[in-house]
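**Student:** Predicted structure and sequence below. I'll ask about it afterward.
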Amino acid sequence: MARSSTRTRSVRRSRTRRAGESAVGMLLVARAGVMGLLALLLLVAGVWTSWQTAQYAMLVKARGRGVMTVSACAGERCTGPYVPSAGEGRRLAKVSVAQGSVDRGARVEVTVKPGTTHAVRTGAAGILHAWVPFAGSLLLAALVVAGGMRLRRTAWVMGLLGAVLLGAAFAAL
C-alpha cells in the first residue's frame, strides 16, 4: 500500500538563486533607508529654515517688541516707522517686514531682529507665517515617504498636516 504524505518536499534552490534573492532584499531595505534619510533631511531643513524666523515671533522674552506703522510696500516687503512697546529698545525711523496682507497705515505688532532693521510679525499670524517653510517640507517629505518608502498612511498624515499649516498661515495673514 502506498503511503500518502502530507508533507511537501522542499526544493533546494541553487546558490545563485539564493544570492539573487538576498541581493534583492538588501536593495529594498537600502531603498527604504535612503528614502527615510531623504525625508528626514527635508524635515530638518524645513525646521531649520523656519526656526530662523520663528524664534523671534514665538519667544516671549524677545527684545525689540513693538508696533510698526506701515507706510509703504514694495515687492515682498513693507516698511515703516517702529515704536517699541516696552521700555527696552529704541525708536527706528524705518524697519521692514514681510508683506503678507497689510494695508498702508496699518499698525502691525513686530519684533525687530537684533542688529538689523528687519522685523518679524508676532502673534498667531507671525508664528504661522514663520512656519511656512516647514509646511512645505512636510508636503515634499510626504511625497518621498509615499513613493520611496511605500508608507501611504504616514504620507497622507504628513501631507495633510503641511496643507493645514499652509492654509492656516494663509488665512491668518
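**Tutor:** That came through, no problem.
**Student:** which residues touch the residue nearest the centre of the chain?
**Tutor:** Of all residues in the chain, the one closest to the mean position by C-alpha atoms, centre = their mean is residue 134, 1.0 Å from it. Neighbour list for residue 134: 43, 46-47, 49-50, 165 [criterion: C-beta atoms under 8 Å, 6 or more residues apart in numbering]. The C-beta positions use only the backbone N, C-alpha and C, and glycine is treated the same way.
**Student:** now residue 65, which residues is it bridged with?
**Tutor:** Under DSSP bridges, the beta-bridge partners of residue 65 are residue 111.
**Student:** ok, back up a step: helix or strand for the residue nearest to the centre of the chain, which one?
**Tutor:** helix 132-148 (DSSP states H and E).
**Student:** Show me what counts as buried in that helix.
**Tutor:** For helix 132-148, burial by neighbour count (16 or more other C-beta atoms under 10 Å) applies to 132-142, 144-146, 148.
**Student:** got the end-to-end distance for stretch 70-77?
**Tutor:** Its first and final residues considered, stretch 70-77 spans 10 Å by C-alpha to C-alpha, to the nearest Å.
**Student:** Mean confidence (pLDDT) on it, please.
**Tutor:** If you average the pLDDT over stretch 70-77, you get 87.
**Student:** tell me the angle the longest helix along the chain makes with helix 132-148.
**Tutor:** For the chain, the helix with the greatest residue count under DSSP state H is helix 15-58. Counting by axes from the mean of the first three to the mean of the last three C-alpha atoms, to 10 degrees, helix 15-58 lies at 170 degrees to helix 132-148.
**Student:** roughly how far out does helix 15-58 sit from the chain middle?
**Tutor:** Per C-alpha atoms, centre = their mean, to the nearest Å, the displacement of helix 15-58 from the mean C-alpha position of its chain is 16 Å.
**Student:** Which strands and helices lie in contact with that helix?
**Tutor:** On a contact count with 3 or more C-beta pairs under 8 Å, 6 or more residues apart in numbering; DSSP states H and E, helix 15-58 meets strand 119-121, helix 123-130, helix 132-148.
**Student:** got the CA positions of the last one in PDB?
**Tutor:** Listed next in PDB are the C-alpha coordinates belonging to helix 132-148 (Å, rounded to 0.1, in the frame of the first residue of the first chain):
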ATOM      1  CA  VAL A 132       5.500  78.100   6.200                       C
ATOM      2  CA  PRO A 133       8.900  76.600   5.100                       C
ATOM      3  CA  PHE A 134       8.300  73.600   7.500                       C
ATOM      4  CA  ALA A 135       4.800  73.100   6.000                       C
ATOM      5  CA  GLY A 136       6.400  73.000   2.500                       C
ATOM      6  CA  SER A 137       9.000  70.500   3.700                       C
ATOM      7  CA  LEU A 138       6.200  68.300   5.200                       C
ATOM      8  CA  LEU A 139       4.500  68.300   1.700                       C
ATOM      9  CA  LEU A 140       7.700  67.300   0.000                       C
ATOM     10  CA  ALA A 141       8.600  64.700   2.600                       C
ATOM     11  CA  ALA A 142       5.100  63.200   2.200                       C
ATOM     12  CA  LEU A 143       5.800  62.500  -1.500                       C
ATOM     13  CA  VAL A 144       9.100  60.800  -0.600                       C
ATOM     14  CA  VAL A 145       7.500  58.700   2.100                       C
ATOM     15  CA  ALA A 146       4.700  57.600  -0.100                       C
ATOM     16  CA  GLY A 147       6.700  56.900  -3.200                       C
ATOM     17  CA  GLY A 148      10.000  55.700  -1.900                       C
END
